[in-house]
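Q: missing the sequence, but the structure's below:
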Ligand SMILES: O=c1[nH]c(=O)c2ncn([C@@H]3O[C@H](COP(=O)(O)OP(=O)(O)OP(=O)(O)O)[C@@H](O)[C@H]3O)c2[nH]1
Ligand SMILES: [Mg+2]
(Lines give C-alpha, C1' and ligand atoms only; values in the text may rest on other atoms or scores of the structure.)
(Ligands and ions follow the chains in the order given, each with its own letter.)
Protein backbone atom coordinates (compact mmCIF):
# COMPACT_ATOMS: atom_id res chain seq x y z
CA UNK A 1 0.00 0.00 0.00
CA UNK A 2 1.04 3.55 -0.66
CA UNK A 3 2.52 5.41 2.31
CA UNK A 4 2.33 9.19 2.05
CA UNK A 5 4.83 11.17 4.12
CA UNK A 6 3.33 14.33 5.60
CA UNK A 7 6.68 16.12 5.57
CA UNK A 8 8.35 18.76 3.43
CA UNK A 9 11.78 18.30 5.05
CA UNK A 10 14.17 16.78 2.49
CA UNK A 11 16.48 15.42 5.21
CA UNK A 12 13.64 13.55 6.88
CA UNK A 13 12.19 12.29 3.58
CA UNK A 14 15.61 10.89 2.59
CA UNK A 15 15.87 9.12 5.97
CA UNK A 16 12.37 7.63 5.69
CA UNK A 17 13.11 6.33 2.19
CA UNK A 18 16.22 4.56 3.49
CA UNK A 19 14.43 3.23 6.57
CA UNK A 20 11.48 1.84 4.55
CA UNK A 21 13.18 0.40 1.44
CA UNK A 22 10.43 -2.16 0.82
CA UNK A 23 7.51 0.25 0.92
CA UNK A 24 6.17 2.66 -1.66
CA UNK A 25 6.92 5.91 0.16
CA UNK A 26 5.96 9.20 -1.44
CA UNK A 27 6.18 12.77 -0.15
CA UNK A 28 2.79 14.52 0.03
CA UNK A 29 3.98 17.38 -2.21
CA UNK A 30 4.24 14.99 -5.15
CA UNK A 31 0.47 14.50 -4.98
CA UNK A 32 -0.84 17.66 -3.35
CA UNK A 33 1.78 20.30 -4.16
CA UNK A 34 2.70 22.87 -1.56
CA UNK A 35 0.63 22.96 1.63
CA UNK A 36 1.60 25.05 4.65
CA UNK A 37 0.55 23.46 7.93
CA UNK A 38 0.55 25.73 10.96
CA UNK A 39 2.41 23.78 13.65
CA UNK A 40 0.63 25.55 16.50
CA UNK A 41 0.33 22.69 19.00
CA UNK A 42 2.43 22.69 22.16
CA UNK A 43 3.86 19.17 21.89
CA UNK A 44 5.67 17.08 19.26
CA UNK A 45 2.70 14.73 19.43
CA UNK A 46 0.13 17.46 18.83
CA UNK A 47 2.00 18.78 15.81
CA UNK A 48 2.66 15.30 14.41
CA UNK A 49 -1.04 14.45 14.57
CA UNK A 50 -2.01 17.76 13.00
CA UNK A 51 0.36 17.22 10.05
CA UNK A 52 -0.75 13.62 9.41
CA UNK A 53 -4.46 14.40 9.79
CA UNK A 54 -4.25 17.47 7.52
CA UNK A 55 -2.60 15.52 4.70
CA UNK A 56 -4.95 12.54 5.19
CA UNK A 57 -7.99 14.87 4.92
CA UNK A 58 -6.62 16.51 1.75
CA UNK A 59 -6.07 13.08 0.17
CA UNK A 60 -9.61 12.01 1.06
CA UNK A 61 -10.95 15.14 -0.70
CA UNK A 62 -9.29 14.13 -3.98
CA UNK A 63 -10.52 10.54 -3.72
CA UNK A 64 -7.28 8.93 -2.47
CA UNK A 65 -9.12 7.03 0.23
CA UNK A 66 -6.99 3.95 0.82
CA UNK A 67 -3.76 5.51 1.99
CA UNK A 68 -1.54 5.47 5.03
CA UNK A 69 -0.21 8.87 6.04
CA UNK A 70 2.87 9.14 8.24
CA UNK A 71 4.19 12.37 9.74
CA UNK A 72 7.20 13.19 11.90
CA UNK A 73 7.50 16.06 14.33
CA UNK A 74 10.92 16.25 15.83
CA UNK A 75 13.52 18.48 17.39
CA UNK A 76 16.45 18.85 19.71
CA UNK A 77 16.13 19.79 23.39
CA UNK A 78 18.95 21.33 25.45
CA UNK A 79 18.12 21.23 29.18
CA UNK A 80 20.80 23.86 30.03
CA UNK A 81 19.01 26.29 27.70
CA UNK A 82 15.61 25.93 29.38
CA UNK A 83 14.79 23.06 27.03
CA UNK A 84 15.20 25.19 23.91
CA UNK A 85 14.67 24.83 21.00
CA UNK A 86 12.42 21.75 21.46
CA UNK A 87 9.26 21.96 19.35
CA UNK A 88 10.61 25.20 17.86
CA UNK A 89 13.72 23.51 16.39
CA UNK A 90 12.76 24.18 12.75
CA UNK A 91 12.09 27.89 13.42
CA UNK A 92 14.56 28.60 16.24
CA UNK A 93 16.07 31.58 14.37
CA UNK A 94 12.63 32.67 13.11
CA UNK A 95 9.97 31.35 10.73
CA UNK A 96 11.51 30.19 7.45
CA UNK A 97 15.04 30.04 8.85
CA UNK A 98 17.61 27.68 7.37
CA UNK A 99 19.41 24.88 9.23
CA UNK A 100 22.53 27.06 9.13
CA UNK A 101 20.74 30.00 10.80
CA UNK A 102 19.23 27.74 13.46
CA UNK A 103 22.64 26.24 14.22
CA UNK A 104 24.15 29.71 14.51
CA UNK A 105 21.48 30.72 17.00
CA UNK A 106 22.10 27.58 19.06
CA UNK A 107 25.86 28.28 19.04
CA UNK A 108 25.23 31.89 20.16
CA UNK A 109 23.00 30.77 23.02
CA UNK A 110 25.50 28.12 24.15
CA UNK A 111 28.31 30.68 24.05
CA UNK A 112 26.21 33.16 26.04
CA UNK A 113 26.25 30.59 28.87
CA UNK A 114 29.90 29.60 28.30
CA UNK A 115 28.79 26.08 27.36
CA UNK A 116 31.24 24.29 25.04
CA UNK A 117 29.43 21.00 25.49
CA UNK A 118 26.19 20.15 27.33
CA UNK A 119 23.66 17.31 27.37
CA UNK A 120 20.95 17.33 24.71
CA UNK A 121 18.47 14.93 23.18
CA UNK A 122 16.43 14.52 20.04
CA UNK A 123 12.76 13.56 20.08
CA UNK A 124 10.77 12.24 17.14
CA UNK A 125 7.03 11.71 17.28
CA UNK A 126 5.65 9.77 14.34
CA UNK A 127 1.92 9.86 13.72
CA UNK A 128 0.06 7.43 11.48
CA UNK A 129 -3.41 8.10 10.10
CA UNK A 130 -5.14 5.14 8.44
CA UNK A 131 -8.86 4.55 7.96
CA UNK A 132 -9.41 7.76 9.93
CA UNK A 133 -7.77 6.33 13.04
CA UNK A 134 -4.73 8.08 14.57
CA UNK A 135 -1.72 6.36 16.13
CA UNK A 136 1.43 7.94 17.60
CA UNK A 137 4.82 6.62 18.71
CA UNK A 138 7.99 8.34 19.98
CA UNK A 139 11.73 7.77 19.79
CA UNK A 140 14.65 9.53 21.51
CA UNK A 141 18.40 9.86 21.02
CA UNK A 142 20.59 11.17 23.87
CA UNK A 143 24.00 12.79 23.75
CA UNK A 144 25.68 16.18 23.93
CA UNK A 145 25.55 19.31 21.85
CA UNK A 146 28.72 21.34 21.19
CA UNK A 147 29.21 25.03 20.38
CA UNK A 148 30.50 24.40 16.85
CA UNK A 149 29.63 22.47 13.71
CA UNK A 150 31.79 19.47 12.76
CA UNK A 151 31.20 17.41 9.61
CA UNK A 152 28.56 17.83 6.96
CA UNK A 153 26.60 14.55 7.15
CA UNK A 154 22.99 14.37 8.24
CA UNK A 155 20.89 17.53 8.37
CA UNK A 156 19.75 20.22 10.77
CA UNK A 157 21.63 20.17 14.07
CA UNK A 158 23.50 16.92 13.29
CA UNK A 159 26.96 18.60 12.93
CA UNK A 160 26.57 19.87 16.54
CA UNK A 161 25.36 16.64 18.15
CA UNK A 162 27.59 13.92 19.64
CA UNK A 163 25.51 10.83 20.45
CA UNK A 164 26.23 8.96 23.69
CA UNK A 165 28.93 6.32 23.18
CA UNK A 166 30.73 8.28 20.43
CA UNK A 167 33.32 11.06 20.27
CA UNK A 168 32.26 12.49 16.91
CA UNK A 169 29.23 14.46 15.79
CA UNK A 170 26.49 12.96 13.62
CA UNK A 171 27.80 15.26 10.91
CA UNK A 172 31.11 13.38 11.05
CA UNK A 173 29.65 9.91 11.69
CA UNK A 174 27.27 10.08 8.73
CA UNK A 175 23.91 8.48 8.13
CA UNK A 176 24.97 4.82 8.25
CA UNK A 177 25.87 5.27 11.93
CA UNK A 178 22.92 7.55 12.72
CA UNK A 179 20.38 5.14 11.29
CA UNK A 180 21.40 2.48 13.82
CA UNK A 181 20.15 4.40 16.84
CA UNK A 182 18.47 7.67 15.89
CA UNK A 183 15.26 9.03 17.42
CA UNK A 184 13.61 8.60 13.99
CA UNK A 185 14.80 4.99 13.60
CA UNK A 186 13.47 4.11 17.05
CA UNK A 187 10.12 5.77 16.45
CA UNK A 188 9.81 4.22 13.00
CA UNK A 189 10.55 0.73 14.36
CA UNK A 190 7.58 1.19 16.70
CA UNK A 191 5.48 2.62 13.85
CA UNK A 192 6.23 -0.51 11.80
CA UNK A 193 4.87 -2.63 14.66
CA UNK A 194 1.68 -0.54 14.63
CA UNK A 195 1.39 -1.03 10.86
CA UNK A 196 1.85 -4.81 11.28
CA UNK A 197 -1.19 -4.83 13.58
CA UNK A 198 -3.53 -2.46 11.70
CA UNK A 199 -2.88 -3.47 8.07
O1 LIG B 1 20.07 17.53 13.05
C2 LIG B 1 18.95 17.07 13.06
N3 LIG B 1 18.79 15.75 12.90
C4 LIG B 1 17.62 15.13 12.99
O5 LIG B 1 17.52 13.91 12.83
C6 LIG B 1 16.52 15.97 13.25
N7 LIG B 1 15.23 15.73 13.42
C8 LIG B 1 14.67 16.92 13.61
N9 LIG B 1 15.57 17.90 13.59
C10 LIG B 1 15.38 19.35 13.76
O11 LIG B 1 14.09 19.60 14.17
C12 LIG B 1 13.34 20.25 13.15
C13 LIG B 1 12.07 19.51 13.01
O14 LIG B 1 10.96 20.35 12.86
P15 LIG B 1 9.66 19.75 12.21
O16 LIG B 1 9.42 18.40 12.81
O17 LIG B 1 8.58 20.70 12.22
O18 LIG B 1 10.13 19.47 10.71
P19 LIG B 1 10.21 20.44 9.45
O20 LIG B 1 9.40 21.66 9.70
O21 LIG B 1 11.63 20.62 9.12
O22 LIG B 1 9.51 19.55 8.33
P23 LIG B 1 7.99 18.96 8.36
O24 LIG B 1 8.14 17.48 8.54
O25 LIG B 1 7.26 19.59 9.48
O26 LIG B 1 7.43 19.30 7.03
C27 LIG B 1 14.15 20.10 11.88
O28 LIG B 1 13.94 21.18 11.01
C29 LIG B 1 15.55 20.04 12.42
O30 LIG B 1 16.00 21.34 12.63
C31 LIG B 1 16.71 17.35 13.36
N32 LIG B 1 17.93 17.90 13.26
MG1 LIG C 1 7.61 21.53 10.47
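A: Perfect, thanks for sending it. Predicted model only: the values in this text are computed from it and were never measured. Ligands and ions are numbered 1, 2, ... in the order given.

Q: Next one: the residue in the chain positioned nearest to ligand 1 relative to residue 134, how far apart?
A: Closest contact between the chain and ligand 1, by Cβ to the nearest ligand atom, is at residue 156 (2.5 Å). From N, CA and C alone the C-beta is placed, and that goes for glycine too. From residue 156 across to residue 134, the span is 26 Å (Cβ to Cβ, to the nearest Å).

Q: For these two, indicate the residue with more neighbours.
A: residue 156 (21 against 14; other Cβ atoms under 10 Å).

Q: gap between that one and residue 45?
A: Remark: distance between residue 156 and residue 45 (Cβ to Cβ) = 20 Å.

Q: now swap in residue 133 and tell me
A: 15 Å.

Q: repeat for residue 150
A: Residue 150 is 31 Å from residue 45, by Cβ to Cβ.

Q: cool, residue 8 as well?
A: With Cβ to Cβ as the criterion, residue 8 and residue 45 are 19 Å apart.

Q: the more surrounded of the two?
A: Between residue 8 and residue 45, residue 45 has the larger neighbour count (other Cβ under 10 Å), namely 18 against 15.

Q: Now do the SS call for the more buried one.
A: Counting by DSSP: H, G, I helix; E, B strand; the rest coil, the backbone at residue 45 sits in helix.

Q: ok, it touching residue 134?
A: No - using Cβ atoms under 8 Å, residue 45 is not in contact with residue 134; the gap is 10.1 Å.

Q: can you list residues touching both of those two?
A: residue 127 (Cβ atoms under 8 Å, 6 or more residues apart in numbering).

Q: ok, residue 27 - how many residues close by?
A: Counted with other Cβ under 10 Å, residue 27 comes out at 19.
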